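Student: I need the structure of the sequence given here:
(one chain, ligands or ions: 1)
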Amino acid sequence: MGLKTLLKKKIYNFKFFKKKNSEIKNKTILITGASSGIGLGLCKKLIQNNKIIAICNKNSINLHDKENSNLISINCDLTDINNYQNIEKVILDNKIELIINCAGQFGSNNQLINNIDFDNLIEILKLNSLSILKILQLISQNDKMKYLKKIINLTSRAGSIELNDKGNLYIYRTSKSTLNSISKNLSIDLKRNFGTSTITIDPGNVKTGMNQKGFLSPEKCAEYLIDIICDNKDHNGAFINLLKKNLPW
Ligand SMILES: NC(=O)c1ccc[n+]([C@@H]2O[C@H](COP(=O)([O-])OP(=O)(O)OC[C@H]3O[C@@H](n4cnc5c(N)ncnc54)[C@H](OP(=O)(O)O)[C@@H]3O)[C@@H](O)[C@H]2O)c1
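Tutor: Prediction:
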């Protein structure tokens, strides 16, 4: 890592110097994208005091204590929207109170106007944007919405229409803008009908499989996400970053 990047990283991490001690206890929490990156960071922090339903794709969840009785691990390819039977079963058997939706992919390398990979665009739309809608539909159809208090959707600044000053990235941007639209809609609809809050969060620049040169550790990111979830302010309907600053849609 060059000196300039190292400096940038230091400055970036300085914004998160405060240790956040908020804790979530005795909740049933469904986490998508739980097998790696930010989702795994959250699982590690939450597993001790909560029941975690970890939705994984191909990789299984890599916790030290895999036999932990607080963990239910489900494998499901979330692009396969009509094949969520595993998830439906776990919804039926549990009262899910919090969903943290971390599953996502950046998409194909072909995201320029002259080479957009449309098949991949559709797959990424299913994963990044529609999968949460499908999970919530299953919760609703099985009369379990009344238990759900909060939904956290991890989006990206790249999904903000107003902040876009670089262009390109048609697949990732489209999928995250769509997620933002769905998330905002949920914050109105589910709040009105069930009192459920929906918060749309840009996790920032986090070092994960998706962003290997990221600055912030997934554990630190998880600490700040938990702080938002525990905040006295509800944040329903907001699009915010880890420092609770509002971002333009
Ligand atoms: N890292 C950043 O800097 C950053 C910045 C802005 C936004 N975000 C957002 O934060 C979220 C988490 O990303 P991350 O950085 O933690 O990336 P990551 O480490 O690559 O994690 C992505 C997760 O999504 C899961 N996933 C991928 N394809 C799936 C599929 N078809 N079905 C089910 N699950 C699938 C992966 O599961 P497997 O490992 O089992 O495939 C993995 O657990 C994403 O929505 C991302 O867009 C990240």
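
Student: so how far is residue 227 from the one residue sitting closest to the centre of the chain?
Tutor: With distances taken as C-alpha atoms, centre = their mean, the residue of the chain nearest its centroid is residue 102 (2.5 Å). From residue 102 across to residue 227, the span is 16 Å (C-beta to C-beta, to the nearest Å). (C-beta placed from N, C-alpha, C; glycine too.)

Student: mind listing the strands for this structure?
Tutor: For the chain, the strands defined by DSSP state E cover 28-32, 51-56, 71-75, 98-101, 150-154, 197-202, 239-241.

Student: how about JSON lines for these, with distance to residue 176, mean pLDDT and mean neighbour count added?
Tutor: Below are the strands of the chain laid out as JSON lines (distance: least, C-beta to C-beta, whole Å; pLDDT from 0 to 100; neighbours: other C-beta atoms under 10 Å):
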{"stretch": "strand 28-32", "distance to residue 176": "15", "mean pLDDT": "98", "mean neighbour count": "24"}
{"stretch": "strand 51-56", "distance to residue 176": "19", "mean pLDDT": "97", "mean neighbour count": "24"}
{"stretch": "strand 71-75", "distance to residue 176": "24", "mean pLDDT": "94", "mean neighbour count": "17"}
{"stretch": "strand 98-101", "distance to residue 176": "12", "mean pLDDT": "98", "mean neighbour count": "25"}
{"stretch": "strand 150-154", "distance to residue 176": "9", "mean pLDDT": "98", "mean neighbour count": "25"}
{"stretch": "strand 197-202", "distance to residue 176": "9", "mean pLDDT": "98", "mean neighbour count": "24"}
{"stretch": "strand 239-241", "distance to residue 176": "11", "mean pLDDT": "98", "mean neighbour count": "18"}
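
Student: export those strands to TSV and tack on distance to residue 214?
Tutor: Formatted as TSV, these follow (distance: least, C-beta to C-beta, whole Å):
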stretch	distance to residue 214
strand 28-32	19
strand 51-56	21
strand 71-75	25
strand 98-101	18
strand 150-154	13
strand 197-202	13
strand 239-241	14
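
Student: output those as JSON lines; include the columns distance to the ligand.
Tutor: Output for the strands of the chain, formatted as JSON lines (distance: least, C-beta to the nearest ligand atom, whole Å):
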{"stretch": "strand 28-32", "distance to the ligand": "6"}
{"stretch": "strand 51-56", "distance to the ligand": "5"}
{"stretch": "strand 71-75", "distance to the ligand": "8"}
{"stretch": "strand 98-101", "distance to the ligand": "8"}
{"stretch": "strand 150-154", "distance to the ligand": "4"}
{"stretch": "strand 197-202", "distance to the ligand": "6"}
{"stretch": "strand 239-241", "distance to the ligand": "10"}
